[in-house]
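Chemist: Let's see this in three dimensions:
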Amino acid sequence: MNSRYFTLIVSLLMSALLGACANAPGSTPRDSLARIGQTQTLKLGYREDAKPFSFKGADGAPTGYSVELCKRVAHSLQSQLKLAKLDVQWIPVTATTRMRAVNDGSVDLECGTTSRTLSREQQVDFSNPIWVEGASFVALASSPIGRTLDLNGKRVGVIRGTTTEQVLQGLSARGIVPVFVTVQTHTDGIAAVRDGRADAYATDRLILVGEVTGGPAGATLRLSDDYLSMETYSLMMRRDPDLRLAVNRALAETYRSGEIVKVFRQSFPAGTAPSPLIEAVYVLNALPE
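Modeler: Sure thing, here's the model as predicted:
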């Protein structure tokens, strides 16, 4: 083969390979901070139905614990990037669309109730923990469903693709096989129990508390004492170590300074106190510079 053609073919193959690697799932581009700095825009994803962590308030604006933390992150990023201004855009996402929105660049950071798992870390990055929560379920107070064993053969509402769905599927190893009723939102899951479409609805425990206490009047619901799992919440972002470091720097400062106390009090009902497990999250992740 002519050496000139050989060199050309090798060059084309190398270009194709590098291009594929740059765009392959799991690649780690380091351009997020540069883009945020150049556009002076930060796109934050939030959930409209994940009370009290991330939801649309009465005034139509995003609010909740995770949202308040992301506001602190935005302020810190503006300082870290030495920007005169930073336009924060809030973009609604769902449990189904949140990971795709992060990966395709629709949002830079997701401020919701996303559990950090190893399988998800194959696709996205996560901040240090912001919360520790367990999954549970609610049922009508008049029903006999109160323990995990009672879910066998019962219609259980769940959002597809969530870690709660995975946990419920894993109950089969204990001889507990629920009948899944797919819902789109937490509010729909609660409504399904109230109107008889489901016998129970399962998701993270504190979200259930928020939905039950803040939901419409209707049939009385009972929250199970059983925990289906224990999970950590983190802020989700694209695979970018520089952005992850910048976000963790903001969270660490929020924990160290005591600003997290203000966030907590603003997000939860008066008199609510962080559990020892939550306090440990704050202490262990108040990393020094």
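
Chemist: Quick check: V107 vs E68, distance?
Modeler: Using Cβ to Cβ, to the nearest Å, we find V107 at a distance of 17 Å from E68. The way it works is simple: take the backbone N, C-alpha and C, and place the C-beta from them, glycine included.

Chemist: Looking at these two, which is more packed in?
Modeler: Between V107 and E68, V107 has the larger neighbour count (other Cβ atoms under 10 Å), namely 26 against 22.

Chemist: Spit out the contact partners of that one.
Modeler: Residues in contact with V107 (Cβ atoms under 8 Å, 6 or more residues apart in numbering) are K43, L44, G45, I91, V93, A101.

Chemist: tell me the SS of it?
Modeler: coil (DSSP: H, G, I helix; E, B strand; the rest coil).

Chemist: Please name the nearest non-neighbouring residue to it.
Modeler: G45 (3.6 Å; Cβ to Cβ, 6 or more residues apart in numbering).

Chemist: Which strand residues bridge the one you found?
Modeler: Assessed by DSSP bridges, G45 has beta-bridge partners I91, E110.

Chemist: Need the nearest residue in space to D49, chain neighbours excluded.
Modeler: Excluding its sequence neighbours, the residue lying closest to D49 (Cβ to Cβ, 6+ apart) is T185, at 4.4 Å.

Chemist: pLDDT wise, what is that neighbour at?
Modeler: On pLDDT, T185 comes in at 91.

Chemist: what's the following helix or strand after the longest strand along the chain?
Modeler: Criterion DSSP state E: the longest strand present in the chain is strand 131-140. The helix or strand immediately downstream of strand 131-140 is strand 155-159, counting by DSSP states H and E.

Chemist: Check what contacts that following strand and list those residues.
Modeler: 95-96, 137, 164-165, 168, 178-186, 188-189, 192-193, 197-203.

Chemist: Which ones among these lie within strands?
Modeler: In this view, the contacts of strand 155-159 that belong to strands under DSSP E are F137, V179, F180, V181, T182, V183, A200, Y201, A202, T203.

Chemist: For the fifth one, which residues are in contact?
Modeler: What that stands for is T182. G157, V158, I159, R160.

Chemist: Any idea how many residues pack against R265?
Modeler: Using other Cβ under 10 Å, R265 has 13 other residues around it.

Chemist: List the buried residues in stretch 91-111.
Modeler: For stretch 91-111, the neighbour count (16 or more other Cβ atoms under 10 Å) marks 92-95, 97-99, 101-103, 107-111 as buried.

Chemist: related to what we said a few turns ago, what remains of the contacts of T182 if I keep only buried residues?
Modeler: Those of those that meet the buried threshold are G157, V158, I159, by 16+ other Cβ under 10 Å.

Chemist: V73: which of the residues you listed is nearest?
Modeler: Taking Cβ to Cβ as the measure, V73 lies nearest I159 of those, at 25.5 Å.

Chemist: Bridged to the closest one, which residues?
Modeler: Under the criterion used (DSSP bridges), I159 bridges to V183.

Chemist: per-residue confidence for the residue nearest to the spatial centre of the chain?
Modeler: For the chain, the residue nearest the mean C-alpha position is T114 (2.0 Å; Cα atoms, centre = their mean). Note for T114: predicted pLDDT of 94.

Chemist: for the protein, what spans make up the helices?
Modeler: For the chain, applying DSSP state H gives helices covering 3-23, 32-39, 65-80, 98-103, 118-121, 163-170, 186-194, 205-214, 241-257, 259-267, 276-284.

Chemist: Same list, these, but as JSON lines with distance to A50 please.
Modeler: Putting the helices of the chain into JSON lines (distance: least, Cβ to Cβ, whole Å) gives the following:
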{"stretch": "helix 3-23", "distance to A50": "31"}
{"stretch": "helix 32-39", "distance to A50": "24"}
{"stretch": "helix 65-80", "distance to A50": "8"}
{"stretch": "helix 98-103", "distance to A50": "10"}
{"stretch": "helix 118-121", "distance to A50": "17"}
{"stretch": "helix 163-170", "distance to A50": "13"}
{"stretch": "helix 186-194", "distance to A50": "6"}
{"stretch": "helix 205-214", "distance to A50": "6"}
{"stretch": "helix 241-257", "distance to A50": "19"}
{"stretch": "helix 259-267", "distance to A50": "12"}
{"stretch": "helix 276-284", "distance to A50": "17"}
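
Chemist: Can you check which of those helices gets nearest to P144?
Modeler: Closest of the helices of the chain to P144 is helix 186-194, at 14.0 Å (criterion: Cβ to Cβ).
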